[in-house]
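Novice: Below are the sequence and a predicted model for it; my questions follow.
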Amino acid sequence: MGSQKPRRFNVKKIAIIGAGPSGLAAAKYLIAQKVFEDIVIFERQDEVGGAWHYSKEPTHTLHVPQVSAYCPPDPPLHPEGKPPLFPSPMYEVLHTNIPRHLMQFSDKPFPEDSLIFPSRELVQEYLVDYAKDIRHLIRFSTLVQDVRLRQDSDGRDQWDVDALTLETGEVTTTTYDAVVVASGHYYTTFIPDVKNIAEFHKAHPNVITHSKLYRTPEPFANKKVIVVGNSASGIDIAAQISRVSQQPLLLSVHSATPPAHLEWIGAEEVPAITEFLVEERGVRFEDGRIEKDIDAIVYATGYLFTFPFLKSLQPPLVNDGRRVYGLYRDLIHIDHPTLVFPGLPIKVVPFPFTESQAAIFSRTWANLLPLPSVEDMKKWEDEEAEKRGHAFHVWPKLGDANFINEVHDWIKRSGTKGKEPPFWNDELVWQRGIFFEAKLQFEIDGEKAKSLEELGFKYEPEEKESEKKTTPTETLL
């Protein structure tokens, strides 16, 4: 802690932007404090779920290349007789890559007879059910257009929120004491600016696409296909497309794919693309190899962080979209701590992770958990930037396990009132260590297993230490 006097908050009215998993969890933890007078959730869709709210029709917008965090948001589709729809990045056949016991919210289990890796349909049903008791707080089909900071007469931060009701076109402005930015980060695509890619896309506009626009493998039947990227979606989409495409499908990567996963995909691994060859409808790879007459290239290269409704905040939250600046613990805005960003870290188990984050800021705004000094928080961010490098929000393996259990123990010790955050016992930490391999076995076995044991993964307490390579972390606040 620094030497300055602990900050006291006077938070009564709170806006939550987004009714996806992190926004819903935030609402539940804030309500549990029983000190906040008004909590409103703004959701641009007509249902909860965030990225899990599937749309059969993908967005019609594709920018090639796309490297800007300030790229205009994709406009909604307008289905006849229905509210405006913002297409999600979900594809038709999709299962979580996280076992359900690990993925679920701490106070709501998935149905016991469900698949060990639930389908996207079940996850969406689960989220709709989870939201039942807070549905009255949600303003559906309402798009937050702008959030502006100002100080009241006492020098406290206030947030003016402009919200557009999509069906009527009416814009309302309301002032809040705090804002939870739970808008997700699976919307602004990233497609690298490779040599000649813009010229190639202009000449062959139907070849390059992004995983956000992928729905089913059928359009790739008998085509010569390259999938770029081997994170979870890249592996999943490549495996689906390779069942119908020309053989072999080419998987373009920066780092090697685990051999078992490559075998399952049925792909040939190739290096990164360094140049597009317009006339040949081809590409040159990093090792000099050239492939011509390419029919389809799917970029499974992820997304950029972007906050189009917070453009006026200075200094800017993002520059290239790879990192959100000015945050303590990847969550709390250092200079304006009534602004928080749950769900930013990548490669974490999102539902319980955002519960832990909500447990922190709900108690902080209730003046039960004091923040460190501004100087100490900035020092933390500087030190972390030095350690983490470019992939700032990509957390290490078991980083989420450490965080979740550390937050739980710390809040229990603090004796503060409110909703208790999740805790992972030894078996759940073990599941966190093996789920990548387990998901592959689930796919190989035909996506029908309801337990890890069916897939050959049995928890043995005496073997736990070899799996659980957690590392101690410093005191949270």
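Specialist: All right, it came through fine. Numbering: from 1, shown residues only.

Novice: average pLDDT across stretch 58-77?
Specialist: Stretch 58-77 shows a mean pLDDT of 96.

Novice: Just the CA atoms of it, as PDB, please.
Specialist: Taking C-alpha atoms only, stretch 58-77 is exported to PDB below (Å, rounded to 0.1, in the frame of the first residue of the first chain):
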ATOM      1  CA  PRO A  58     -22.600 -14.200 -40.300                       C
ATOM      2  CA  THR A  59     -21.600 -10.600 -40.600                       C
ATOM      3  CA  HIS A  60     -21.300  -9.300 -44.200                       C
ATOM      4  CA  THR A  61     -18.400  -7.000 -43.300                       C
ATOM      5  CA  LEU A  62     -14.800  -8.100 -44.000                       C
ATOM      6  CA  HIS A  63     -11.800  -5.800 -43.900                       C
ATOM      7  CA  VAL A  64      -8.600  -7.200 -45.500                       C
ATOM      8  CA  PRO A  65      -6.100  -6.600 -44.000                       C
ATOM      9  CA  GLN A  66      -7.500  -5.500 -40.600                       C
ATOM     10  CA  VAL A  67      -5.000  -4.300 -38.100                       C
ATOM     11  CA  SER A  68      -6.800  -1.300 -36.600                       C
ATOM     12  CA  ALA A  69      -8.400  -1.200 -33.100                       C
ATOM     13  CA  TYR A  70     -10.300   1.800 -34.500                       C
ATOM     14  CA  CYS A  71     -12.000  -0.100 -37.300                       C
ATOM     15  CA  PRO A  72     -15.700   0.900 -37.400                       C
ATOM     16  CA  PRO A  73     -17.800  -1.700 -35.700                       C
ATOM     17  CA  ASP A  74     -19.700  -4.100 -38.000                       C
ATOM     18  CA  PRO A  75     -23.200  -2.800 -38.600                       C
ATOM     19  CA  PRO A  76     -26.100  -5.000 -37.500                       C
ATOM     20  CA  LEU A  77     -28.200  -7.200 -39.800                       C
END
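
Novice: in that stretch, what's buried?
Specialist: By neighbour count, and taking 16 or more other CB atoms under 10 Å as the criterion, the buried residues in stretch 58-77 are P58, T59, L62, H63, V64, P65, Q66, A69, C71, D74, P76. In this view, the C-beta of every residue, glycine as well, is placed from N, C-alpha and C.

Novice: Ok, stretch 90-100 next?
Specialist: By neighbour count with 16+ other CB under 10 Å, stretch 90-100 contains the buried residues M90, Y91, L94, H95, T96, N97, I98, P99, R100.

Novice: So which elements touch the host helix or strand of A15?
Specialist: With elements taken from DSSP states H and E, the one containing A15 is strand 13-17. When contacts are defined as 3 or more CB pairs under 8 Å, 6 or more residues apart in numbering; DSSP states H and E, strand 13-17 sits against helix 21-33, strand 38-42, strand 142-151, strand 171-176, strand 178-181.

Novice: Can you get me a residue count around K13?
Specialist: As a burial measure, K13 scores 18 neighbours (other CB atoms under 10 Å).

Novice: thought L477 was touching P372?
Specialist: Yes. Counting by CB atoms under 8 Å, L477 sits close enough to P372 to count as a contact (6.1 Å).

Novice: mind listing the strands for the stretch 101-250 of the chain?
Specialist: Read by DSSP state E, counting those that start in this stretch, the stretch 101-250 of the chain holds these strands, from start to end of the chain: 138-139, 142-151, 157-165, 171-176, 178-181, 208-210, 225-228, 249-252.

Novice: got JSON lines for those, with mean neighbour count and mean pLDDT too?
Specialist: Rendered in JSON lines, the data for the strands of the stretch 101-250 of the chain read as follows (neighbours: other CB atoms under 10 Å; pLDDT from 0 to 100):
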{"stretch": "strand 138-139", "mean neighbour count": "18", "mean pLDDT": "98"}
{"stretch": "strand 142-151", "mean neighbour count": "17", "mean pLDDT": "97"}
{"stretch": "strand 157-165", "mean neighbour count": "18", "mean pLDDT": "98"}
{"stretch": "strand 171-176", "mean neighbour count": "14", "mean pLDDT": "98"}
{"stretch": "strand 178-181", "mean neighbour count": "27", "mean pLDDT": "98"}
{"stretch": "strand 208-210", "mean neighbour count": "22", "mean pLDDT": "98"}
{"stretch": "strand 225-228", "mean neighbour count": "27", "mean pLDDT": "98"}
{"stretch": "strand 249-252", "mean neighbour count": "25", "mean pLDDT": "98"}
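
Novice: Which one of the ones you listed lies nearest to G234?
Specialist: Go through those one by one with CB to CB and the one that ends up closest to G234 is strand 225-228, at 5.8 Å.

Novice: Alpha carbons only: can I get that closest one in PDB?
Specialist: Written as PDB, here are the backbone C-alpha positions of strand 225-228 (Å, rounded to 0.1, in the frame of the first residue of the first chain):
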ATOM      1  CA  VAL A 225      -7.800 -24.500 -48.400                       C
ATOM      2  CA  ILE A 226      -5.300 -22.800 -46.000                       C
ATOM      3  CA  VAL A 227      -6.300 -22.200 -42.400                       C
ATOM      4  CA  VAL A 228      -4.100 -19.600 -40.700                       C
END
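
Novice: That one: partners in the sheet, and parallel or antiparallel?
Specialist: Under the criterion DSSP bridges, strand 225-228 sits next to strand 249-252 (parallel), strand 296-299 (parallel) in its sheet.

Novice: Name the surrounding residues that touch that strand.
Specialist: When contacts are taken as CB atoms under 8 Å, 6 or more residues apart in numbering, the neighbours of strand 225-228 outside the stretch itself are 234, 237-238, 241-242, 245-246, 249-253, 267, 270, 272-273, 283, 291, 294-301.
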